[in-house]
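*Asks:* Here's a sequence, model it:
(chains A, B, C and D)
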Number of protein chains: 2
Amino acid sequence: MARYDSRMTDTRAYHHGDLRRALLAAALEAIEEVGPAALSLRDLARRAGVSHAAPAHHFGDKAGLLTALAAQGFDLLAQTLTEADDDLLEAGVAYVDFAVTRRAYFDVMFRPELYRADDAELVAARERAGAALRSGVAALPAGGVPVDTGRDALAAWSIAHGFATLWLAGALPDRVGDDPREAARAVLSRLTA
Amino acid sequence: MARYDSRMTDTRAYHHGDLRRALLAAALEAIEEVGPAALSLRDLARRAGVSHAAPAHHFGDKAGLLTALAAQGFDLLAQTLTEADDDLLEAGVAYVDFAVTRRAYFDVMFRPELYRADDAELVAARERAGAALRSGVAALPAGGVPVDTGRDALAAWSIAHGFATLWLAGALPDRVGDDPREAARAVLSRLTA
DNA sequence: CTGTCGAACTTGTCGATGACAAGATTGCGC
DNA sequence: GCGCAATCTTGTCATCGACAAGTTCGACAG
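*Replies:* Next comes the predicted model:
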């Protein structure tokens, strides 16, 4: 599908270059600045130095571009979760860290009204992330308490997701500090204790 | 500040009526349909039967309208939480229920990039909701475990907020069913157990 | 080497939107 | 009744997403 050249973020060579990549990179920047809803395809085109209609050729419409971003995001999240897989607490911390450090992806991924949630590539990527999540919970230490894996997975996902979104929304009180990993560890450990 | 007439959602009497109220009601409808980001002031004006520039007179701009909605939402949430205050689990269930049944409010409240988060009325309302939240946690059953109120409050808030947002995003697996209260109770009880 | 074909990109346009300016209407206080 | 200020309207502009039609360029066949 996509044609990957050797060099990544080449800014020249747009006429016959990797515009698709450049647009996605520009979209990440723009989303960090104004959020996914206020994203403007024409602004991306300007950032990439192409005409205002060029983005439509690669993504169809704005939803198409955000669909590609969301799919990429779910893949990155799956990868992140897999790396910290054997420790549920660390997987939760990694989840929060992903949300904060790759905010643009995260902001799009859980806003399905902005993209095509039934896109095949996206569904596959989301499923990979879900599998990574579940396998993290399955590898629980499992003390004396009987483990209800389904419920525990939802609880773990909920608390990590909730902390991440509250952090991103700036809704948390100042005293949580400015290190999301540390703050997340303190809160998430309430569940695993 | 606001002039509250006796009748509430009067649809006639726009020229000199309660346009402000009618616009907020229309906004709630529109947000349920298309989300807060795709909200159009001109659409609200059409729904209320007034000219396209009328909304600006009451709210300044779109952010002004959403600020008013968010403030109202935090007040409603504070009220909801206060009612179920002595039981942490039920407060969590009420939080999720609020998010689902008053989705339009909830969708705006935690998206501060859409409104003016430093608005005085809004800050006050948000503080009331925060106080209600904290007092719910302070009234914990407090079994043998030593209670860290701050951490526990964040954990409780996170898990309820996370479950609510995942539910609204349609990200949860089908097997959680279609009753948010029941599903929330099952998951949240993982924390209080 | 050359011609053709299709992908990549451009130019032009339309309807909708948010914001602003300026004017009209209405009811309230004096 | 009379003026004033809040409320609402009309008009306009820049910007945006989407679409249509045209242009450029490279790959590939012969």
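
*Asks:* Low-confidence ranges, chain A, go.
*Replies:* A:1-16, A:139-147, A:193 (pLDDT under 70).

*Asks:* which secondary structure elements does the helix or strand hosting A:V96 contact?
*Replies:* For A:V96, the host element (DSSP states H and E) is helix A:88-101. If contacts are counted by 3 or more Cβ pairs under 8 Å, 6 or more residues apart in numbering or on different chains; DSSP states H and E, helix A:88-101 sits against helix A:62-83, helix A:103-109, helix A:120-138, helix A:149-168, helix A:180-192. Where you see a C-beta, it was placed from the backbone N, CA and C, and this is true even at glycine.

*Asks:* List, one by one, the residues from chain A near chain B.
*Replies:* When proximity is defined by Cβ under 8 Å from any Cβ of the partner chain, chain A lies next to chain B at A:34-35, A:37-38, A:110-114, A:117, A:130, A:150-152, A:154-155, A:157-166, A:169-173, A:175-176, A:186-188, A:190-191.

*Asks:* re earlier: would you mind getting the angle between the helix holding A:V96 and helix A:62-83?
*Replies:* 150 degrees (axes from the mean of the first three to the mean of the last three Cα atoms, to 10 degrees).

*Asks:* Mind listing residues that contact helix A:88-101?
*Replies:* Here helix A:88-101 makes contact (Cβ atoms under 8 Å, 6 or more residues apart in numbering or on different chains) with A:76-77, A:80-81, A:83-85, A:105-106, A:133, A:136-137, A:139-141, A:156, A:159-161, A:163-165, A:167-168, A:180-181, A:184-185, A:188-189, A:191-192.

*Asks:* any idea how far the nearest residue to A:E113 once chain neighbours are set aside is from B:F106?
*Replies:* The shortest distance from A:E113 to any residue other than its chain neighbours is 4.9 Å, reached at B:G35 (Cβ to Cβ, 6 or more residues apart in numbering or on different chains). Plainly put, B:G35 is 12 Å away from B:F106 if you go by Cβ to Cβ, to the nearest Å.

*Asks:* Nearest to chain B within chain A, name that residue for me.
*Replies:* Nearest residue of chain A to chain B, counting by Cβ to the nearest Cβ: A:G162, 2.6 Å away.

*Asks:* so how many other residues sit close to the residue lying closest to A:H161 once chain neighbours are set aside?
*Replies:* Nearest residue to A:H161, sequence neighbours excluded (Cβ to Cβ, 6+ apart): B:G162, at 3.9 Å. Neighbours of B:G162 under the rule other Cβ atoms under 10 Å in any protein chain shown: 25.

*Asks:* From A:T165, how far out is B:G162?
*Replies:* From B:G162 to A:T165 the distance is 7 Å (Cβ to Cβ).

*Asks:* which bits of chain A sit near DNA strand D?
*Replies:* Within chain A, the residues that sit near DNA strand D (Cβ under 7 Å from any atom of the strand) are A:15-16, A:39-43, A:52-53, A:56, A:60-63.

*Asks:* follow-up on the earlier one: show me which of B:G35 and B:F106 is the more surrounded one.
*Replies:* B:F106 (25 against 18).

*Asks:* can you pull the buried residues of the helix or strand hosting A:A30?
*Replies:* Secondary-structure element containing A:A30, defined by DSSP H and E: helix A:19-34. In terms of neighbour count (16 or more other Cβ atoms under 10 Å in any protein chain shown), helix A:19-34 has its buried residues at A:19-28, A:30-31.

*Asks:* swap in stretch A:61-69?
*Replies:* A:62, A:64-69.

*Asks:* OK, now which residue of chain A is nearest to DNA strand D?
*Replies:* The nearest approach of chain A to DNA strand D comes at A:D61, 3.1 Å away (Cβ to the nearest atom of the strand).

*Asks:* who's in contact with that residue?
*Replies:* A:D61 makes contact with A:L41, according to Cβ under 8 Å, 6+ apart.

*Asks:* same question, A:L122
*Replies:* Shown in contact with A:L122 (Cβ under 8 Å, 6+ apart): A:67, A:70-71, A:74, A:115-116.

*Asks:* roughly how far apart are A:A156 and DNA strand C?
*Replies:* A:A156 is 39 Å from DNA strand C, where distance means Cβ to the nearest atom of the strand, to the nearest Å.

*Asks:* what does A:L44 give?
*Replies:* From A:L44 across to DNA strand C, the span is 11 Å (Cβ to the nearest atom of the strand).

*Asks:* Next: A:G92.
*Replies:* Counting by Cβ to the nearest atom of the strand - A:G92 and DNA strand C are separated by 38 Å.

*Asks:* Share the number of residues neighbouring that residue, please.
*Replies:* Residues lying near A:G92 (other Cβ under 10 Å) number 29.

*Asks:* Can you tell me how far the residue nearest to A:H161 is from B:L88?
*Replies:* Taken as Cβ to Cβ, the span from B:G162 to B:L88 is 16 Å.

*Asks:* Alright, that wraps it up for me.
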